[in-house]
Structure formats: C-alpha cells, structure tokens
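Novice: heads up, no residue letters with this:
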Ligand SMILES: NC(=O)c1ccc[n+]([C@@H]2O[C@H](COP(=O)([O-])OP(=O)(O)OC[C@H]3O[C@@H](n4cnc5c(N)ncnc54)[C@H](OP(=O)(O)O)[C@@H]3O)[C@@H](O)[C@H]2O)c1
C-alpha cells in the first residue's frame, strides 16, 4: 500500500510502539488520527507530528470509546486501521483476578474486533484499505505465565485470518503482525527479569515500527518478527508437544518470577 496520503487511525499511539509508529508513518507521508486515553500525551504527540494530524481520546474497552474513535475515524476519512493498543498480563492463571483476565480480553481482543466492525463500511468504501492487527509471538507460541494474554493474542490471530479470508473479494487487506518482546513499559520489571533469566530477545520500538511499516507497504498477510521465535511458533503449529517439553524445562524460572496476587 502507498503510505503517502494514507489516512490512518492508530490506537495505542501514546505507548512505546505507538509513538514510534506514529513518527515513522508520518515521515512516510501518512496522515494520522492517533487514539489513546491520556489527553496530555495525545496533544503533545499530535503537536510533534505537525499539521494535518489529529487525535481522539477513547477508552476502547468502553462502548462510548469505540463510538468516539469510530466517529472521529469516519470524519477523518481513514483508509487504514492499526489496532495497536494493548496491555500486558504476566502472572500464573490461578493467581490472576478475573478483572485482570477480563481486561486483557477486552483490550487485546474485543476492542480491536469491535473497532474493526464499526469501521468496515468506511474501509470498504475506500479504493484501497487495510486493517493491521498487532498481535504477539505468544499468539502462536502460547507461553506459561501468560495464559490470558496468549489467549487474547491467539484470538486476535484467528480473527485476523478469518476476516482476511472473508474480505478476499474486497480491496481491504487484513494484516496480522506478531512481534516478540519489545522494549516498552508494557513489560513490568518482573517480565524484564524473566526475559533476562530465559535469555529471551527484546527488540527496540524503532526496529519493530520499521518492520510494521514495511509489512503495511508490502501488504503482507502474516508476519512474525524475530528468529528463533518464528521457528518455535511454526513448530508449535504442528508439534506442540515439542514446545510443551521445551517450556516445561523453563517452568521453575517462570514461576519464580511470576507476581503473586
Ligand atoms: N512490549 C512488548 O513486549 C510487546 C510484544 C509483542 C506485542 N506487543 C503488542 O504491541 C502493542 C503495543 O504495545 P506497547 O509495548 O507499545 O505497549 P505500551 O507502551 O504499554 O502502550 C500501550 C498503548 O495502548 C493503549 N491502551 C491500553 N489500554 C487501552 C484502552 N483500554 N483504551 C485505549 N487505549 C489503551 C495505551 O494508552 P494510554 O496512554 O491511555 O495508557 C498505550 O497507548 C500491544 O498490542 C502489545 O500487546 C508488545
């Protein structure tokens, strides 16, 4: 897709990956409608992006937030929706309050589905359009200590694939991107300590944003970022018992770092 003159609703724009994506997309010539919950950060980022960009304050776990974001996106004339907003959720499943699990599903799965549904008529009316869903390696390589997060991201992957197949006779591309760990504050100190203990790789926001922009330009359907994570995700698709065994050897370390209720 041509990014010059693309009109993009970017959710989670005030976060680590979102801010970097906003800057790279704007540098590529796109006009952005940025969404988040923090007015001060939205205003500052919009000012930094310069003229022609706009923002909308919206809590995407609330129906009025979806309505506000979708209404602003229609007025802005978006042809690209990037579902990037998300929250993390490290913890053993029996130690997580249901409100934490519900928040993970609402933010990471339900909100992108609702926003997509609200904007599909607008996107279908554009000569060229795309929906980009920011998933996670854990959506294809579900990880101990991240059961609810993995469930939400696996759901987002399934939603993206089914919708891509459903929209195959339209000009709306559905792109699902699965980064491995990224250096942002989504990861708590416990997650960072776990990643260090397991030697898990973590990418800069600059690197991941560059890959997202490239994938959008190419119109990739699916893209997993990082090796060996993409290999393990692939193996998990046909031989999950191999991954079960590999992760069993890490379980004691995961349990040691997991926060308790
Ligand atoms: N960091 C990683 O290791 C990693 C790895 C793989 C995939 N990802 C995915 O990458 C995406 C971006 O994550 P990040 O690392 O940039 O996280 P981040 O720095 O914590 O930013 C999260 C963004 O989501 C927004 N958000 C959270 N809850 C929201 C809600 N209820 N309504 C509206 N906006 C909400 C936040 O807005 P506020 O400013 O209002 O809080 C913020 O802009 C997420 O989908 C995440 O799952 C992250």
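Specialist: Received, thanks. If you're wondering where the values come from, they're calculated on a predicted model, not measured in any experiment.
Novice: Please list the residues of this protein that sit near the ligand.
Specialist: Residues of the chain that fall close to the ligand, judged by C-beta under 6 Å from any ligand atom: 11-18, 36-38, 41, 59-61, 84-87, 107, 134, 136, 179, 181-182, 184-187. Glycine gets a C-beta too; all of them are placed from N, C-alpha and C.
Novice: how close does whatever residue of the stretch 1-150 of the chain ends up closest to the ligand sit to residue 45?
Specialist: The minimum distance from the stretch 1-150 of the chain to the ligand, using C-beta to the nearest ligand atom, falls at residue 15 (1.9 Å). Residue 15 sits 10 Å away from residue 45 when distances are taken as C-beta to C-beta, to the nearest Å.
Novice: again with residue 233
Specialist: 32 Å.
Novice: now residue 91
Specialist: Distance of residue 91 to residue 45, given as C-beta to C-beta: 30 Å.
Novice: Now residue 131: phi and psi?
Specialist: Here is the backbone geometry of residue 131 (degrees, to the nearest 10): phi -120, psi 120.
Novice: ok, it - how many residues close by?
Specialist: Residues lying near residue 131 (other C-beta atoms under 10 Å) number 23.
Novice: repeat for the one 10 residues further on
Specialist: Burial measure for residue 141: 26 neighbouring residues, criterion other C-beta under 10 Å.
Novice: Assign the nearest residue to it once chain neighbours are set aside to helix, strand or coil.
Specialist: Leaving aside its chain neighbours, residue 141 sits nearest to residue 233 (4.4 Å; criterion: C-beta to C-beta, 6 or more residues apart in numbering). Assigned with DSSP: H, G, I helix; E, B strand; the rest coil, residue 233 falls in the helix class.
Novice: Give the full set of residues in contact with residue 233.
Specialist: By C-beta atoms under 8 Å, 6 or more residues apart in numbering, the residues touching residue 233 are 137, 140-141, 178, 224.
Novice: Quick check: the residue most central in space within the chain vs residue 50, distance?
Specialist: With distances taken as C-alpha atoms, centre = their mean, residue 134 lies nearest the centre of the chain, 2.6 Å away. Separation of residue 134 from residue 50 (C-beta to C-beta) stands at 24 Å.
Novice: and what of residue 93?
Specialist: Between residue 93 and residue 50 the distance is 45 Å, computed by C-beta to C-beta.
Novice: Which one of the two is surrounded by more residues?
Specialist: A direct count of neighbours by other C-beta under 10 Å for residue 93 and residue 50 places residue 93 higher, at 14 against 8.
Novice: Please name the bridge partners of the residue nearest to the centre of the chain.
Specialist: residue 177 (DSSP bridges).
Novice: got the contact list for the helix or strand where residue 120 lies?
Specialist: In the assignment (DSSP states H and E), residue 120 maps to helix 111-124. Residues outside helix 111-124 that contact it (C-beta under 8 Å, 6+ apart): 9, 11, 60-61, 66-67, 69-70, 73-74, 77-79, 81, 83, 85, 129-131, 133, 156, 159, 163, 170-172.
Novice: how long is stretch 177-184 end to end?
Specialist: 17 Å (C-alpha to C-alpha, to the nearest Å).
Novice: which outside residues touch it?
Specialist: With C-beta under 8 Å, 6+ apart as the test, stretch 177-184 has contacts from 15-17, 132-137, 139-140, 153, 157, 187, 191, 195, 200-205, 208, 211-212, 215, 220, 222-226, 229, 233.
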